[in-house]
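# output the structure for:
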Amino acid sequence: MAGLATSHYVCVRCTTALLRREAHLAARSGRLSARGLRQSSTTSNAATSDTPAERSNHSNGNAASTHKPKPENEPGPMARRLEEATEEALFTGGRAGRRAVEDAGFSEELKARLLARVRDAEFRSENASAFAEAGLPASAGRGTAHLAASQPWTGAESTEDAVLRMLNDAHKPLAPSLRGKPRLPDLKPVDMRFTRDTRSQGQRAAGARDKAAVYAGMGLKDKEQNGLSEKERDELKKEFRERFKPAARAMPNTFTGLASLANERIEDAIARGQFKNIPRGKGVERDTRADNPFIDTTEYIMNKMIKRQDIVPPWIEKQQELIKTAHTFRTRLRNDWKRHAARTIASKGGALQEQMERARRYASAELLHNPRKRNVEQVVVPTNSTDDPVMVKVRQLLSPETAEELADAEATAAIDDSAASTTSSPPNEGAATEVTSANVPVQDVPLPPPFRDPDWLRTEQTYMDLSITNLNTITRSYNLMAPELAKKPYFSLERELNACYADVAPQLADAIKDRAARPSKPLGESAGQRPGNILDRFNGEAHRSKVYDSKTPNYGFREMLRDLFRKEAN
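Presented below is the predicted three-dimensional model:
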């Protein structure tokens, strides 16, 4: 290590050039050094072959022995210089230095010795901190030992140093001025005795002035002056004497005594009736489902939170959207059909009563052929019974037997509905004159067929088909997320039209009457004209404002006065 520290740096290239230039000298010195090494190795082998007893005998002093070791041949200066250069090449050159040494032609023993020195140097460099700490003298301080044992900086922070730095950042050390020994404050004895509150002179004067009326008139002879009788004054004196006794106002010193005193005063107040007319608060509302063992606590809490925050499941929102869209479609369909039917029936001519009678006959025919029992929302229809294209394809994919069963079921339902709508005739002849239906009046003239208009249906077909398709799309998305019991049937245009005819037929007579009694629009409100103000409506067409486009000067106050007086003169 000392040689490494004091020697100069020699690169591999320079060392190779030096070795090649002095090859003939190196070969000669190598033979000499090899001969000396063989002699030294022979001597060392002989020395190591001796037993410990023989070595001890030689060390004890066989002075008379004739054996003398031969002096070794020391290498010359050039050999030492080449050896140092070789060591430097091995230490600093890496593989190139080792290859140069191998190519120089050194003996195996010399190579082994040089490599041993290289390994020793590498070991010392790897454990430099341990060698430095072991070589410290006993007089070295703690900081010197810490610096000697610390590892050199490698460019990356170790885990121990990072943890120590974070601790120092989290807990800042105190300033040097604050690192002294803690000082305890001077503890003074505390007086635990009860003391009376100090009162100022003003407070004492105010208190004396308020209490002076209690003692006023006690020594006066006039009874009417203070308004107290002799007995009342004696009781008051007795009360004052008891009040100013030493043990008159003894207070309990324990919590139990205070609690008993408080309970006593509360009981006295209850006996006097002070708690009778206290206003009561609002009662606590208890939910019976909170203690229901058949409802999960988590489910109950979640349902309560949803109810309190007005949160609804997604299928409920979809249901509201479906109901709103269906209501809009049905309302518009009924309004359009009622307006068109009323105009068509009224356009056939006749008096108002004849038009209304004609509408009532159509309503009776509609009630007979298309009875209405329940609202459309309450009609139970299977989800697979619809004219929707998707459901029609699904039904077509079914087996023939299943399709026949579905067709038979629908036919049976239609027959039952028609049978329920019409009443059968009685078996006896005497009852033939009775009313066949409670809702259909008996008339001599046969009823016309229900009122229909194919032209109107052809005009509105596109709108109705698109509306039904939209409703079925919303219903399909609703049924996908709704539970099984809350699913809704698909919409059918024929079913919606029949429900519309049944709902509107009884209202046609009133619609014709309202249309006939409705006042006609004024002339000013006809198409292409805007109505004037209130004065124009009262005056009619006699007075109309006219605006003239002229280049004359503006009409001012002078012109107004001139026109006003001119009219009066006329």
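# for A130, which non-adjacent residue is spatially closest?
A149 (7.9 Å; Cβ to Cβ, 6 or more residues apart in numbering). C-betas here are computed from N, CA, C, even on glycine.
# cool, S467 as well?
F329 (4.8 Å).
# so what's that neighbour up against?
S467, L471, E496 (Cβ atoms under 8 Å, 6 or more residues apart in numbering).
# what about the first one, how many residues close to it?
By that I understand S467. When neighbours are defined as other Cβ atoms under 10 Å, S467 has 21 of them.
# the last one too?
Around E496 there are 20 other residues, counting by other Cβ under 10 Å.
# shouldn't it be in contact with N472?
No - using Cβ atoms under 8 Å, E496 is not in contact with N472; the gap is 11.5 Å.
# domains for this structure, by residue range?
1-44+75-126, 314-420+439-518 (automatic domain parsing).
# any low-confidence regions in the stretch 151-300 of the chain?
Scanning the stretch 151-300 of the chain for pLDDT under 70 picks out 208-227, 245-252.
# which parts of it are strands?
With DSSP state E, counting those that start in this stretch as the criterion, the stretch 151-300 of the chain has no strands.
# now the helices for it?
Along the stretch 151-300 of the chain, the stretches classed as helices by DSSP state H, counting those that start in this stretch are 159-170, 201-215, 223-226, 230-243, 255-272, 297-308.
# ok so, going back, lowest mean pLDDT across the domains of the chain, which one is that?
Lowest mean pLDDT within the domains of the chain: domain 1-44+75-126, at a mean of 62.
# which one of the helices of the stretch 151-300 of the chain lies nearest to D120?
helix 159-170 (30.0 Å; Cβ to Cβ).
# could you dump stretch 348-367 to CSV, C-alpha only?
C-alpha atoms of stretch 348-367 as CSV (Å, rounded to 0.1, in the frame of the first residue of the first chain):
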residue,chain,number,x,y,z
LYS,A,348,-121.9,16.4,-42.4
GLY,A,349,-124.4,19.1,-41.8
GLY,A,350,-127.6,19.4,-39.8
ALA,A,351,-128.5,21.3,-36.6
LEU,A,352,-126.4,21.2,-33.5
GLN,A,353,-128.8,18.7,-31.8
GLU,A,354,-128.5,16.4,-34.8
GLN,A,355,-124.7,16.6,-34.8
MET,A,356,-124.7,15.8,-31.1
GLU,A,357,-127.1,12.9,-31.5
ARG,A,358,-125.0,11.5,-34.3
ALA,A,359,-121.9,11.7,-32.1
ARG,A,360,-123.8,9.9,-29.3
ARG,A,361,-124.8,7.1,-31.7
TYR,A,362,-121.2,6.7,-32.6
ALA,A,363,-120.3,6.6,-28.9
SER,A,364,-122.9,3.8,-28.3
ALA,A,365,-121.6,1.8,-31.3
GLU,A,366,-118.0,2.2,-30.0
LEU,A,367,-119.1,1.1,-26.5
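# who touches that stretch?
342, 345-346, 439-441, 443, 445, 447-451, 501-502, 505-506, 508-509, 511-513, 516.
# what's the PyMOL line that selects buried ones from those residues?
The buried subset of the contacts of stretch 348-367, as determined by 16 or more other Cβ atoms under 10 Å, is captured in PyMOL by this line:
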select buried, resi 342+345+346+440+447+450+451+501+502+505+506+508+509+511+512+513
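# sort out for me which of the contacts of stretch 348-367 are in helices.
Taking DSSP state H, the ones among the contacts of stretch 348-367 that sit in helices are A342, I345, A346, Y501, A502, L508, A509, A511, I512, K513, A516.
# any chance of those in JSON lines, with distance to D197 too?
As requested, the ones in helices among the contacts of stretch 348-367 are exported to JSON lines (distance: Cβ to Cβ, whole Å):
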{"residue": "A342", "distance to D197": "96"}
{"residue": "I345", "distance to D197": "102"}
{"residue": "A346", "distance to D197": "101"}
{"residue": "Y501", "distance to D197": "96"}
{"residue": "A502", "distance to D197": "93"}
{"residue": "L508", "distance to D197": "96"}
{"residue": "A509", "distance to D197": "96"}
{"residue": "A511", "distance to D197": "93"}
{"residue": "I512", "distance to D197": "97"}
{"residue": "K513", "distance to D197": "94"}
{"residue": "A516", "distance to D197": "98"}
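# ok, those residues vs E264, which is closest?
Nearest to E264 among these, with distances taken as Cβ to Cβ, is A502, at 82.0 Å.
# name the helix or strand for H340, please.
helix 314-346 (DSSP states H and E).
# relative to helix 508-517, how tilted is that helix?
60 degrees (axes from the mean of the first three to the mean of the last three Cα atoms, to 10 degrees).
# immediately after helix 314-346, which helix or strand?
Beyond helix 314-346 toward the C-terminal end (DSSP H and E), the next one is helix 352-369.
# which parts of that following helix are buried?
In helix 352-369, counting by 16+ other Cβ under 10 Å, buried: 355-356, 358-369.
# by how many degrees do it and helix 508-517 diverge?
160 degrees.
# thinking again about what came up before, need the contacts of F329 in TSV with secondary structure and distance to R286, can you?
As requested, the contacts of F329 are exported to TSV (DSSP: H, G, I helix; E, B strand; the rest coil; distance: Cβ to Cβ, whole Å):
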residue	secondary structure	distance to R286
S467	helix	49
L471	helix	44
E496	helix	48
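# wait, which of the residues you listed is closest to D161?
L471 (73.2 Å).
# the nearest residue to that closest one once chain neighbours are set aside and A79, how far apart?
Leaving aside its sequence neighbours, L471 sits nearest to F491 (Cβ to Cβ, 6+ apart; 4.5 Å). From F491 across to A79, the span is 113 Å (Cβ to Cβ, to the nearest Å).
# cool, E133 as well?
Distance of E133 to A79, computed by Cβ to Cβ: 37 Å.
# pick the one among the contacts of F329 closest to A486.
L471 (17.0 Å).
# now do the contacts for that closest one.
L471 touches L322, T325, A326, F329, F491, counting by Cβ under 8 Å, 6+ apart.
# which residue is the nearest non-sequential neighbour of the first one?
In this structure, L322 finds its nearest non-sequential neighbour in I474, 4.9 Å apart by Cβ to Cβ, 6+ apart.
# isn't that neighbour right next to T328, touching?
No - applying Cβ under 8 Å, one finds I474 not in contact with T328, separated by 11.8 Å.
# out of these two, which sits in the busier spot?
For I474 versus T328, the count of surrounding residues by other Cβ under 10 Å is larger for I474: 20 against 12.
# so where does that one fall, helix or strand?
helix 454-481.
# report the angle between the axes of that helix and helix 314-346?
Using the same axes, to 10 degrees: helix 454-481 against helix 314-346 is 170 degrees.
# the chain should start at 2 in everything you say after this.
That works, and once the first residue is 2, the last one we named lands at helix 455-482.
# any buried residues in helix 455-482, and which?
Quick answer for helix 455-482 (16+ other Cβ under 10 Å): E461, S468, I469, L472, N473, I475, T476, Y479, N480.
# one step back: between the helices of the stretch 152-301 of the chain, which one is closest to V191.
So among these, helix 256-273 is nearest, using Cβ to Cβ, at 22.2 Å.
# C-alpha coordinates for the closest one, CSV please?
Only the C-alpha atoms of helix 256-273 are listed here, as CSV (Å, rounded to 0.1, in the frame of the first residue of the first chain):
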residue,chain,number,x,y,z
PHE,A,256,-71.0,15.0,46.3
THR,A,257,-73.5,12.8,48.0
GLY,A,258,-74.7,15.6,50.3
LEU,A,259,-75.0,18.0,47.4
ALA,A,260,-77.0,15.4,45.4
SER,A,261,-79.4,14.8,48.4
LEU,A,262,-79.8,18.6,48.8
ALA,A,263,-80.6,19.0,45.1
ASN,A,264,-83.1,16.1,45.3
GLU,A,265,-84.7,17.6,48.3
ARG,A,266,-85.2,21.0,46.6
ILE,A,267,-86.6,19.3,43.4
GLU,A,268,-89.1,17.3,45.5
ASP,A,269,-90.2,20.5,47.3
ALA,A,270,-90.7,22.2,43.9
ILE,A,271,-92.7,19.2,42.6
ALA,A,272,-94.8,19.3,45.8
ARG,A,273,-95.5,23.0,45.2
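# understood, closing this out.
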